[in-house]
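Participant: can't give you the sequence, but here's the structure:
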């Protein structure tokens, strides 16, 4: 069996960049945007500089430039992101090939299971939802298109992590901090190792109450025509009305059949 391509790296890594072509200012400007998060929604230049590893003066210049471009707003002391930043993510969703290709297949899954269907990709330590289909029965960070959540608390994220190279998975385990989101979240690394091995052996994953109470996810790998892993195909559902075994029997065949049908299209 062919080992899927390492999901932490793009299928076709860019060639080494000549130092003359590197624009440090672009790197630092993006770093300033990315330093804002739920714990740091508004910051002074000093705070932003500390988070980005630059001086207060440099951070202030980047923030003022971003403010002039419309990506940042300020009250004269604090700075915060504006909705214009969403254009960056929207540009990906509108221009990338994968979200457009998978949409009809997600509609098929929703029709066959009556559940919300997703495709997510792995970006570093996070699972990012890039396509979805289904009613907005529940809206939280795990269900919003474009949401980023820690990979180990979602079925698709666990699946993609488990299919990485063993050495890189061990390196990830050695460095990751496992945060509990519910009383059921796995925070023991040895338990995670066992779960990764089980997922890799079975070729599919199920996650229950890891991110949100009373919700489960079931995921299968989404491979391209070369057998490389490009994402996770999954559904999310409430747990109250059926057992885990019944949910797997009902949903897994639909996911597997759809993933096979999608393979030659990617």
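Facilitator: Cool, the structure landed. What you see is a predicted model; the values in this text were computed from it and never measured.

Participant: tell me the contacts of residue 63?
Facilitator: 32, 45, 48, 72, 74, 79 (CB atoms under 8 Å, 6 or more residues apart in numbering). In this view, the C-beta of every residue, glycine as well, is placed from N, C-alpha and C.

Participant: Among the residues you listed, which lie within helices?
Facilitator: 32, 45, 48 (DSSP state H).

Participant: Next, count neighbours for the last one.
Facilitator: When you say that, I think you mean residue 48. 26 (other CB atoms under 10 Å).

Participant: same question, the one 5 residues further on
Facilitator: The burial metric for residue 53, expressed as a neighbour count using other CB under 10 Å, is 11.

Participant: sorry, back to before: for the ones in helices among the contacts of residue 63, give me TSV that also has distance to residue 174.
Facilitator: Formatted as TSV, the ones in helices among the contacts of residue 63 follow (distance: CB to CB, whole Å):
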residue	distance to residue 174
32	29
45	34
48	30
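
Participant: And these, which is closest to residue 205?
Facilitator: The nearest member of the ones in helices among the contacts of residue 63 to residue 205, counting by CB to CB, is residue 32 at 35.7 Å.

Participant: any idea how far that closest one is from residue 73?
Facilitator: 14 Å (CB to CB, to the nearest Å).

Participant: higher neighbour count, the two?
Facilitator: Per other CB under 10 Å, whichever of residue 32 and residue 73 has more neighbours is residue 32, with 26 against 15.

Participant: ok, the more buried one touching residue 67?
Facilitator: No: contact criterion CB atoms under 8 Å: residue 32 and residue 67 do not qualify, at 10.9 Å.

Participant: Any idea what residue 119 is bridged to?
Facilitator: For residue 119, the beta-bridge partners are residue 131, residue 233 (DSSP bridges).

Participant: need the contact list for it.
Facilitator: Contacts of residue 119 by CB under 8 Å, 6+ apart are 98-99, 102, 106, 129-132, 222, 231-234.

Participant: Over to residue 73?
Facilitator: 67, 79-82.

Participant: How about the contacts made by residue 161?
Facilitator: 7, 122, 151-152, 169, 172, 196.

Participant: Please repeat the previous calculation with a cut-off of 6 Å.
Facilitator: For residue 161, the contact set (CB atoms under 6 Å, 6 or more residues apart in numbering) comprises residue 151.

Participant: Secondary structure element for it, which one?
Facilitator: With elements taken from DSSP states H and E, the one containing residue 161 is helix 155-162.

Participant: I'd like the next helix or strand past that helix.
Facilitator: Downstream of helix 155-162 (by DSSP H and E), the next one is helix 166-175.

Participant: Could you list the domains of the chain?
Facilitator: 19-85, 96-263 (automatic domain parsing).

Participant: For those domains, please prepare a markdown table with the additional fields mean pLDDT.
Facilitator: Below are the domains of the chain laid out as a markdown table (pLDDT from 0 to 100):
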| stretch | mean pLDDT |
| --- | --- |
| domain 19-85 | 95 |
| domain 96-263 | 91 |
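
Participant: that older thread, tell me the one among the ones in helices among the contacts of residue 63 nearest to residue 260.
Facilitator: Using CB to CB, the ones in helices among the contacts of residue 63 come closest to residue 260 at residue 32, 43.6 Å.

Participant: Quick check: that closest one touching residue 60?
Facilitator: No: using CB atoms under 6 Å, residue 32 makes no contact with residue 60, being 10.1 Å away.

Participant: pretty sure residue 236 belongs to a helix, no?
Facilitator: No: secondary structure of residue 236 (DSSP: H, G, I helix; E, B strand; the rest coil): strand, not part of a helix.

Participant: Identify the residues contacting it.
Facilitator: 116, 217.

Participant: Let's see that with 7 Å instead.
Facilitator: 115-116, 118, 143, 215, 217 (CB atoms under 7 Å, 6 or more residues apart in numbering).

Participant: re earlier: list just the nearest of the contacts of residue 119 to residue 20.
Facilitator: When the contacts of residue 119 are compared against residue 20 (criterion: CB to CB), the nearest one is residue 98, at 32.5 Å.
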